[in-house]
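> heads up, no residue letters with this:
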């Protein structure tokens with residue numbers, strides 16, 4: 001057990017190369033996504049969204065767009081797009097813009113999901129190759145040389161399994177957090193859509209009377 005990470009990597013066998021590649025991909029995706037979430041959280045301006053909706057309710061569409069264009073809030077961007085493309089349908093324009101924004105939140109999630117799934121499978125593959133070496137060593141007649149090969153095969157199997165599981169567990173925590181943040185963004189978009197729909201229905205109803 002008193003081995004350096006490099007010694008563990010060497011004793012883990014050839015399967016450690018794809019395992020280390022998968023771990024590098026996981027760290028890259030997680031870091032990029034966390035930076036993205038931090039930036040988006042910092043850009044949130046609910047008060048700007050409220051002012052935009054108030055402007056829309058009062059019939060000042062241009063004023064609402066001008067307020068939203070100064071904000072980096074993703075909800076404000078969606079509203080600006082919807083109000084700027086109201087020739088057809090505000091609801092359809094809102095849906096197009098919201099899909100684009102939510103796609104940004106979902107980027108990298110498929111890659112992270114693949115890493116979490118592949119890492120323990122690679123560890124299992126390392127277990128199989130390590131046990132194959134162990135059984136091959138058991139078939140030799142030279143006891144002195146086979147003992148080292150047997151322990152080496154078992155060690156390779158255990159190290160690969162440990163690393164694969166460790167990567168999967170380490171990736172599962174940020175994956176769940178990022179999924180939760182994406183769901184939260186969907187709820188925020190849904191709330192804004194409902195508010196805009198109610199306002200447009202109200203203004204259309206009052207204009208018909």
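Thanks, I have the structure now. Predicted, not measured: the structure shown is a model, and the values here were computed from it.
> next, count neighbours for residue 167.
Applying other Cβ atoms under 10 Å, we find 24 other residues in the vicinity of residue 167. Backbone N, C-alpha and C define where each C-beta goes, glycine included.
> and for residue 31?
Number of residues near residue 31 (other Cβ under 10 Å) recorded here: 11.
> ok, residue 184 next?
12.
> so for it, what pLDDT did the model give?
For residue 184, the pLDDT comes out at 95.
> and it, how far from residue 125?
Per Cβ to Cβ, to the nearest Å, residue 184 is found 37 Å from residue 125.
> residue 174 too?
Using Cβ to Cβ, residue 174 is found at 24 Å from residue 125.
> and what of residue 166?
The spacing between residue 166 and residue 125, counted by Cβ to Cβ, is 16 Å.
> more crowded one of these two?
With neighbours defined as other Cβ under 10 Å, residue 166 and residue 125 compare such that residue 125 has more, 18 against 15.
> show me what the one helix or strand residue 31 maps to is packed against.
In the assignment (DSSP states H and E), residue 31 maps to helix 16-43. Helix 16-43 makes packing contacts with helix 5-11, helix 109-138, helix 143-208 when contacts are defined by 3 or more Cβ pairs under 8 Å, 6 or more residues apart in numbering; DSSP states H and E.
> contact partners of the shortest one?
Which is helix 5-11. Residues outside helix 5-11 that contact it (Cβ atoms under 8 Å, 6 or more residues apart in numbering): 3, 16, 20, 152, 155-156, 159, 163.
> among those residues, which two are most distant?
20 and 152 (19.6 Å; Cβ to Cβ).
> so what's residue 82 closest to, chain neighbours aside?
Distance criterion Cβ to Cβ, 6 or more residues apart in numbering; nearest residue to residue 82, sequence neighbours excluded, is residue 94 at 3.9 Å.
> okay, now that neighbour: neighbour count?
23.
> mind listing what's buried along the helix or strand hosting it?
Taking DSSP H and E as the criterion, residue 94 maps to helix 90-106. Neighbour-count burial for helix 90-106 flags 90, 93-94, 97-98, 101, 105 (criterion: 16 or more other Cβ atoms under 10 Å).
> alright, that wraps it up for me.
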